[in-house]
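Colleague: Okay, predicted coordinates and the sequence, questions at the end:
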Amino acid sequence: MTASEHLSKQYDADLDTLRSRVLQMGGLVEAQILAAIEAFSSGERELIERVIDDELRVNGYEVSIDNDCSHIIVRRQPAATDLRLIMAISKTVTDLERIGDEAEKIARMSRQIHERGRPQGQRFAEIRHVGSVAVQMLRHALDAFARLDTALAAQVVREDATIDDEFRSIVRQLITFMMEDPRTISMALEIVWIAKAIERIGDHAKNMAENVIYIVKGTDVRHTKFEDLEREAKS
């Protein structure tokens, strides 16, 4: 094996490791969201604290992966698809870190809610449902990244509209709830913040999906109409 072949193989191995670490970070963040939603339902203190503590691990992944991206750019001077991949990875880990922030927020709000008393069971069902949609979006975004599947990425972008609709529905119901019983205002507002955090998780998953299309197609599809984005993903 020549020196150039050795360097090429090492470069490919570095990129594969980088992608694997993004998926590991994604798995941790997914577990964090699931635990945060369960913490809202159960009020289990240990679960809440675990979600909050995991935020430090998520932050560590972001810093480490960003450093690896910088080192590869300096050492390898990547071009074309490889450069797009590294740039997209840097953006993706930022979105994953922010999803972790939202999971931590859900856990903290849940702790406050349960310290005052359990919310109505109906609220559990609504939050769990929209939370499951957000988790599905994140899974699909990570799968699209792993396989560089632009069609699946476009599906994630489409799913974001579902979370937006669910969020608006929850807010309308909670406004009615507060008007009927002003004593519930504090708790209802905290549930609104939890629903908003879940809606933001969907936004970040959407960003991750758009990054996949950028890696494969070289086209920045942010802020474009869905029809145009879908056409680009399928072209």
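Modeller: Great, that's in hand.
Colleague: list the helices and strands the strand or helix carrying I163 packs on?
Modeller: For I163, the host element (DSSP states H and E) is helix 150-180. Applying 3 or more C-beta pairs under 8 Å, 6 or more residues apart in numbering; DSSP states H and E, one finds that helix 150-180 contacts helix 121-147, helix 185-217, helix 226-234. Every C-beta, even on glycine, is put in place using the N, C-alpha and C of the backbone.
Colleague: Relative to I72, which of those helices is closest?
Modeller: I72 lies closest to helix 185-217 among these, at 14.9 Å (C-beta to C-beta).
Colleague: Neighbours of R57, how many?
Modeller: Other residues near R57 come to 13 when the count uses other C-beta atoms under 10 Å.
Colleague: Same check on Q136?
Modeller: 16.
Colleague: next one: I33
Modeller: I33: 23 neighbours (other C-beta under 10 Å).
Colleague: Spatially nearest residue to it, not counting backbone neighbours?
Modeller: Once flanking residues are discounted, I33 sits nearest to A103: 4.9 Å by C-beta to C-beta, 6 or more residues apart in numbering.
Colleague: what's the closest non-adjacent residue to L34?
Modeller: V135 (6.3 Å).
Colleague: For that neighbour, which residues are in contact?
Modeller: Contact analysis of V135 by C-beta atoms under 8 Å, 6 or more residues apart in numbering lists 30, 33-34, 37.
Colleague: of those, buried ones?
Modeller: Among the contacts of V135, the ones that count as buried by 16 or more other C-beta atoms under 10 Å are 30, 33, 37.
Colleague: I'd like to know which of those residues is nearest to V216.
Modeller: Out of the buried ones among the contacts of V135, the member with the shortest distance to V216 (by C-beta to C-beta) is E30, at 22.8 Å.
Colleague: Need the nearest residue in space to that closest one, chain neighbours excluded.
Modeller: The nearest residue in space to E30 (C-beta to C-beta, 6+ apart) is L138, at 5.6 Å.
Colleague: Remind me what the helix or strand in which D66 is found packs against, helices and strands.
Modeller: With secondary structure defined by DSSP H and E, D66 is part of helix 45-76. Packing partners of helix 45-76 (3+ C-beta pairs under 8 Å, 6+ apart): helix 3-42, helix 80-116.
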